[in-house]
Each structure stands twice: as structure tokens, then as C-alpha cells.
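Undergrad: sequence and computational prediction follow.
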Amino acid sequence: IPAEAALGNIPCIGMGGDVALRIDSFAHLATKYLKGIKDLSSEKTGAANFATWDAALLPIRDGAIDCVISDLPFGSKCLSSSKLQRLLPLLISECARILRPESGRIVFLCGAGSYHNISDIIASQKTVSGSSSFRSPSAIFPANIGGFIAWVFIVERGEGKHARGTDHHDKARKIASISKQHERDFERKSAKRKQTGDGKFRRVQS
């Protein structure tokens, strides 16, 4: 997604990130991908960059972003449904915080199972004055993603400073500790594959 900014002729900066970039193998791929983008975009007016960050605690100042675009986990492979439900309120709250009031917007692609939950979470976000942080969705439409039914949400930011929950940091840290454990498990499995000479990844249904 950030590559679209770099390869366009619009003066903008695309920023992308993932907590998974803490894993060496993923970080290496991201670095290689980013170099390719920079080589292709050397004569363009856009730019792109990647960072290792937690979507629940973004290192971005309030009201600094014009648009957040995300292909959210569907709750089947990248994250379990229960973990996704814990993450979504924190992620959407962060979007409300970093988006520019009145002109910022989010564009989400989500699984059919998250459709109603995301609608409810967006509607529940409030500013410090008690008004809604987001306007009503300007567009919601279905999409067929490789045979999976998905939904696209386009929602504009409302007026006022967003009020983040008082327990936001505690919840984010709890999710982060679970993610770090998964990373350690992944690295141990990768190391074991190298030792046994089995470099193939097996598909595991959990």
C-alpha cells in the first residue's frame, strides 16, 4: 500500500509498518522491498517508508495523517478471531487520534465476520467534548478477494480532539506481550527448520 504513494505523481508520503518487522526474516524482506520502491520512485514526487510499530500504539503525533489505509486481518490466518476483536478497538482509536480532524479518513478492507463489529467500534469513538470522532461511513461495499467475501469501509474523521480510553496503554501492552511470545515461537520454529534442513513452511490451521 505505501508503494502506491511512492509510485504516483502526487506529492505525498506513504508510511507503512508492522509489529512483525521485529522478526529478522521479515525485516530483511521489508528492507529489500523498500529499496526496490525507492529505485522505482527516484523520478516520482511521492515517497514511502516502513517502520516497526504496534498498530495499537502508533509513534505518530495527533492529527498528523490525512488517510489511513489498511487491509485488516480477517481473523482466520494472521490473527485468531478473539485476538482480532481485542485489537480492533485499539487500532480504530489510534486511527481517530492520528487522523486530521474534519478532513482525515480511513479506508479499511475487512472480513465479513468483522463487518458489524467494526461499524459499532467506529460509532463508539468519541472526542474530548463527547461528540463522535468519526462521521457516518461515506461508503461501505462488498469485495471478492480470491473467493473470500470482504467489505470496504470509507469513513471520514469528525471535528475535535479524539479521547483515547484511559486503559488504552494497558490493553495495548497486554496484546504486545502475546505478540512477542508468538514471535519467539516463530523464531524457534525457523531455527529448528534450519537445523533439520527443512526450509519449507507447512500450512497449519489453528
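TA: Here it is on my side, so go on.

Undergrad: for the most centrally placed residue in the chain, give its distance to P101.
TA: When CA atoms, centre = their mean is applied to the chain, the residue found nearest the centroid is S70 (5.1 Å). As judged by CB to CB, to the nearest Å, S70 and P101 stand 20 Å apart. In short, each C-beta sits where N, CA and C put it, glycine included.

Undergrad: now the residue nearest to the centre of the chain, nearest residue through space, not along the chain?
TA: F108 (5.6 Å; CB to CB, 6 or more residues apart in numbering).

Undergrad: that neighbour sits in which helix or strand?
TA: Using DSSP states H and E, F108 sits in strand 105-111.

Undergrad: packing partners for that strand?
TA: strand 67-71, strand 148-156 (3 or more CB pairs under 8 Å, 6 or more residues apart in numbering; DSSP states H and E).

Undergrad: switch the cut-off to 10 Å
TA: Helices and strands touching strand 105-111, by 3 or more CB pairs under 10 Å, 6 or more residues apart in numbering; DSSP states H and E, are strand 67-71, helix 81-98, helix 115-124, strand 139-145, strand 148-156.

Undergrad: buried ones in that strand?
TA: Across strand 105-111, burial judged by 16 or more other CB atoms under 10 Å covers 105-106, 108-111.

Undergrad: now pLDDT and distance to A5 too, for those residues, in TSV please.
TA: Putting the buried residues of strand 105-111 into TSV (pLDDT from 0 to 100; distance: CB to CB, whole Å) gives the following:
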residue	pLDDT	distance to A5
R105	96	15
I106	95	16
F108	93	18
L109	91	17
C110	88	22
G111	84	25
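
Undergrad: need those in TSV (columns: distance to A96).
TA: Converted to TSV, the buried residues of strand 105-111 look like this (distance: CB to CB, whole Å):
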residue	distance to A96
R105	11
I106	9
F108	13
L109	18
C110	17
G111	21
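
Undergrad: pick the one among those closest to G147.
TA: G147 lies nearest to G111 out of the buried residues of strand 105-111, by CB to CB, at 12.5 Å.

Undergrad: list the contacts of that closest one.
TA: 72-76, 81, 84, 118, 145, 148-151 (CB atoms under 10 Å, 6 or more residues apart in numbering).
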